[in-house]
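S.K.: With the input below, show me the fold.
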Amino acid sequence: MRRWVKSSYSDGEGGQCVEWAPGYAATARVVPVRDSKDPHGPTLTFESTAWAAFIAGVKAGEFQG
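M.R.: Numbering: from 1, shown residues only. Next up is the predicted model:
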């Protein structure tokens, strides 16, 4: 079973709620991501290197909402 963790960027008010499963990512080398408002909905899976590059870009301010 995957343990899901809500992103620190989620606002806690029901918006922008993204979760990921770090334990699964550490063992499977892929990062599952889902919408926490729809836990039974689809899960996107990214290669861990692609996910790391995306996170680095977010932290660097490359992606604006």
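S.K.: Go ahead and name everything in contact with the top helix by length along the chain.
M.R.: Ordering each helix of the chain by length in residues (DSSP state H) puts helix 48-59 first. Outside of helix 48-59, the residues within contact range by CB atoms under 8 Å, 6 or more residues apart in numbering are Y9, A25, R29, V30, V31, V33, F46, F63. C-betas here are computed from N, CA, C, even on glycine.
S.K.: Recalculate using a threshold of 10 Å.
M.R.: 7, 9, 20, 25-26, 28-33, 45-47, 62-65 (CB atoms under 10 Å, 6 or more residues apart in numbering).
S.K.: How about stretch 20-34?
M.R.: Contacts with stretch 20-34, where a contact means CB under 10 Å, 6+ apart, come from 1-7, 17-19, 36, 40-52, 54-55.
S.K.: 7 Å instead?
M.R.: Defining contact as CB atoms under 7 Å, 6 or more residues apart in numbering, one finds that stretch 20-34 is touched by 2-5, 7, 18-19, 41, 43-48, 51.
S.K.: Kindly format the C-alpha coordinates of that stretch as PDB.
M.R.: What follows is stretch 20-34, C-alpha atoms only, in PDB (Å, rounded to 0.1, in the frame of the first residue of the first chain):
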ATOM      1  CA  TRP A  20       2.900  11.900  -4.000                       C
ATOM      2  CA  ALA A  21       4.100   8.600  -2.600                       C
ATOM      3  CA  PRO A  22       7.800   9.100  -1.600                       C
ATOM      4  CA  GLY A  23       8.200   5.500  -0.100                       C
ATOM      5  CA  TYR A  24       7.100   4.000  -3.400                       C
ATOM      6  CA  ALA A  25       9.200   6.400  -5.400                       C
ATOM      7  CA  ALA A  26      12.300   5.400  -3.400                       C
ATOM      8  CA  THR A  27      11.900   1.700  -4.200                       C
ATOM      9  CA  ALA A  28      10.300   1.700  -7.700                       C
ATOM     10  CA  ARG A  29      12.300   4.600  -9.200                       C
ATOM     11  CA  VAL A  30       9.000   6.200 -10.400                       C
ATOM     12  CA  VAL A  31       7.000   8.900  -8.700                       C
ATOM     13  CA  PRO A  32       3.300   8.400  -8.400                       C
ATOM     14  CA  VAL A  33       1.300  11.700  -8.200                       C
ATOM     15  CA  ARG A  34      -2.400  12.200  -7.700                       C
END
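S.K.: Thanks a lot, catch you later.
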